[in-house]
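S.K.: Could you work out the structure for the sequence below:
(chains A and B)
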Amino acid sequence: MIWIGNVLVSQGEGGVYHERILGGFRVWDPYRSKLSALYHVGTGVELTPKIRVLYLGAANGTTVSHVADYVDAVYAVEFAPRPMQDLLEVSRRRKNIIPIMADAARPDRYAPLVEEVDLLYQDVAQPEQADIALQNCSFLKTGGMLVLMLKTRSVDVRKEPIEVFHDTLEVLISAGLIVQECVWLTPYHHDHAAIVCMKPAV
Amino acid sequence: MQSYWFGDVGEGCCTLFTGDTNAIIDRIRSISARMESFIPLEWEQAVQCGACRDRSEYLALLQAVCIAAAERSIREQYSRKDAELLQMVRTLDEIDTVINLLSERAAEWYLVRHPSFSRKYRRTPAHILVKAMHEKSRGALGRIAGVIEQLSETRTTLAKEVSARANDVMPNTSALIGGLVAARLLSHAGGLLLLSRMPGSAIQVLGARTALFAHLKTRSPCPKHGIIFQHRRVHNAPRNVRGKVARVLAGKIAIAARLDYFRGVADSDFLEAAQERIETVGKGNEP
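M.R.: Next up is the predicted model:
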């Protein structure tokens, strides 16, 4: 990862969302992107030019564009037509973003398009976030990493965020994943937690 | 054998799929993997198949196909009849908010210019006051009043268009509760498909989100009605049966929305029976 002082940046064509440019690099704002927030408050997963990423919940392509600056290829899955319009515009300008308009809960629909990936990144506002992650683990290499952005308020508004967090952890652990890091994204994002897991050899 | 976007791979051999971008889109829409026996594709297979020469060409091809497929899906979703109605009714409700805000502000401004003026004991509707301000006031205040008048005209035309479009898109629901209220339900549900999948109980409290979540979190009573309160049968019903009317009406709307989504034409038998049932409940004659 490229840091200028304590500012996280990425190297690529700027102007995607009027992001600030610092010394020729694109500033990756932790208040806008949860993945950037994870790199600020925790360790996360080092993005290198070799790795391939499956990105669920790509939305407007803001974070996707930064990830694409670092890695070999990003498979960006998004369901809603409105953000997809923006994501397509970002994809047209970058060679390594493959936009897929599909439901992340139905991986069988887009499986014929996606390679094996080193990193599965998920940021979807769905109640069954953990299940969606597990279903998509078939795309993950042995030893590959899962980064799950848990929007506790999307899972159940009536439960306390910490309860939702523990429930989700349990689901992931009982599915055989090895949890490596858990952090809350405060002060950048409230009631959001990041869970980093590894897919072990069977 | 595994089917991928570029062809079928299995038992050491590979069959390349030949066809233009549109044909490939049709193909990826029709194939779906069995996840339990799924083997993720390797891009080298595409090279062996003869689909491309190297990785950058592979990514370029795949990206072109995926962008075209997404563009087609977006076009299809936006060309559904309800997509534009959604934007129309949301615009209508926002124009209302803007007109109210601006009229209130203009009235305050007018009061400062005319210290002896007061709206107490006068039954002057807002639009008459705006008209007076437009004619009598100089400068920016007069111009603002003029803009409010124009906005009101636009609002009236748009409301008619919303009603007409709702009658076309959701004939059964519109017949039950009127085009405007039907369109508002559609806007809150997020589309005709989503509305048609909702149970009556959800439709009943659509638009009463604050009250509903207050009820779920605390011990406050649950809301009896949301948007459907705007229908005369609900707000004119006697207090003691209002909740009942709302419930029955919501149930009928749920059926009507499904008829609208799957058939798209008015069903007179259903409408007659539904109207009759709602009437009886509204009179409070039913146990």
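S.K.: Can you show me the helices along the stretch 1-150 of chain B?
M.R.: Here the stretch 1-150 of chain B has its helices, by DSSP state H, counting those that start in this stretch, at B:21-30, B:43-49, B:55-78, B:81-113, B:126-136, B:139-169.
S.K.: now the second one, how far from the chain's geometric center?
M.R.: If I follow you right, that is helix B:43-49. 45 Å (CA atoms, centre = their mean, to the nearest Å).
S.K.: Show me what it is in contact with.
M.R.: Contact with helix B:43-49 is made by A:115, B:4, B:6-7, B:9, B:14-16, B:52-55, B:58, as judged by CB atoms under 8 Å, 6 or more residues apart in numbering or on different chains. Quick note: C-beta positions are derived from backbone N, CA and C, even for glycine.
S.K.: hmm, 10 Å instead?
M.R.: For helix B:43-49, contacts defined as CB atoms under 10 Å, 6 or more residues apart in numbering or on different chains pick out A:52, A:73, A:115-116, B:2, B:4-9, B:12-17, B:42, B:51-55, B:57-59, B:61-62.
S.K.: Go ahead and produce CSV holding the CA coordinates of it.
M.R.: Below are the C-alpha coordinates for helix B:43-49, written out as CSV (Å, rounded to 0.1, in the frame of the first residue of the first chain):
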residue,chain,number,x,y,z
TRP,B,43,-8.1,-17.7,-18.1
GLU,B,44,-5.5,-20.0,-19.7
GLN,B,45,-8.3,-22.2,-20.8
ALA,B,46,-9.6,-19.4,-22.9
VAL,B,47,-6.3,-19.2,-24.6
GLN,B,48,-6.2,-23.0,-25.2
CYS,B,49,-9.7,-22.6,-26.6
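S.K.: So which bits of that helix are buried?
M.R.: Within helix B:43-49, the residues that count as buried by 16 or more other CB atoms under 10 Å in any protein chain shown are B:43, B:45-47, B:49.
S.K.: now do the fourth one
M.R.: Buried residues in helix B:81-113, counted by 16+ other CB under 10 Å: B:82, B:85-86, B:88-89, B:92, B:95, B:99, B:102-103, B:106-107, B:109-110.
S.K.: Pull up the per-residue confidence for the nearest residue to residue A:161 once chain neighbours are set aside.
M.R.: Spatial nearest neighbour of residue A:161, chain neighbours left out: residue A:152 (3.8 Å); criterion: CB to CB, 6 or more residues apart in numbering or on different chains. On pLDDT, residue A:152 comes in at 87.
S.K.: So what's the residue count around residue A:152?
M.R.: Neighbour count for residue A:152, taken as other CB atoms under 10 Å in any protein chain shown: 22.
S.K.: sorry, back to before: which of the contacts of helix B:43-49 count as buried?
M.R.: A:52, A:73, A:115-116, B:2, B:4-9, B:14, B:17, B:51-52, B:58-59, B:61-62.
S.K.: where exactly do the helices run in chain A?
M.R.: With helices called from DSSP state H, chain A shows them at A:34-41, A:62-70, A:81-93, A:107-110, A:129-136, A:152-155, A:161-174.
S.K.: Mean neighbour count, those helices: which tops it?
M.R.: helix A:62-70 (a mean of 24; mean count of other CB atoms under 10 Å in any protein chain shown).
S.K.: what about it, near chain B?
M.R.: No. Using CB under 10 Å from any CB of the partner chain, we find that helix A:62-70 stays clear of chain B, coming within 11.3 Å at best.
S.K.: Just the CA trace of that helix, in PDB.
M.R.: Written as PDB, here are the backbone C-alpha positions of helix A:62-70 (Å, rounded to 0.1, in the frame of the first residue of the first chain):
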ATOM      1  CA  THR A  62     -15.500   4.700  -5.900                       C
ATOM      2  CA  THR A  63     -13.600   2.100  -3.800                       C
ATOM      3  CA  VAL A  64     -13.400  -0.300  -6.800                       C
ATOM      4  CA  SER A  65     -11.400   2.300  -8.700                       C
ATOM      5  CA  HIS A  66      -8.800   2.500  -5.900                       C
ATOM      6  CA  VAL A  67      -8.600  -1.300  -5.600                       C
ATOM      7  CA  ALA A  68      -8.100  -1.500  -9.300                       C
ATOM      8  CA  ASP A  69      -5.200   0.900  -9.100                       C
ATOM      9  CA  TYR A  70      -3.400  -1.700  -6.900                       C
END
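S.K.: now for that helix, which elements pack on it?
M.R.: Applying 3 or more CB pairs under 10 Å, 6 or more residues apart in numbering or on different chains; DSSP states H and E, we find helix A:62-70 packed against strand A:7-10, strand A:25-27, helix A:34-41, strand A:52-56, strand A:73-78, helix A:81-93, strand A:97-101, strand A:117-122.
S.K.: how many degrees apart are that helix and strand A:117-122 in direction?
M.R.: 160 degrees (axes from the mean of the first three to the mean of the last three CA atoms, to 10 degrees).
S.K.: in what helix or strand does the most centrally placed residue in chain B lie?
M.R.: Geometric centre of chain B, nearest residue: residue B:187, 2.5 Å, by CA atoms, centre = their mean. Residue B:187 belongs to helix B:179-189 when assigned by DSSP states H and E.
S.K.: Can you identify the element that follows that helix toward the C-terminus?
M.R.: Sequence order places helix B:192-196 as the next helix or strand after helix B:179-189, per DSSP H and E.
S.K.: Sort out which residues of the next helix-or-strand element following that following helix are buried, please.
M.R.: Using DSSP H and E, the helix or strand that follows helix B:192-196 in sequence is helix B:200-204. Neighbour counts using 16+ other CB under 10 Å place B:200, B:203-204 of helix B:200-204 among the buried residues.
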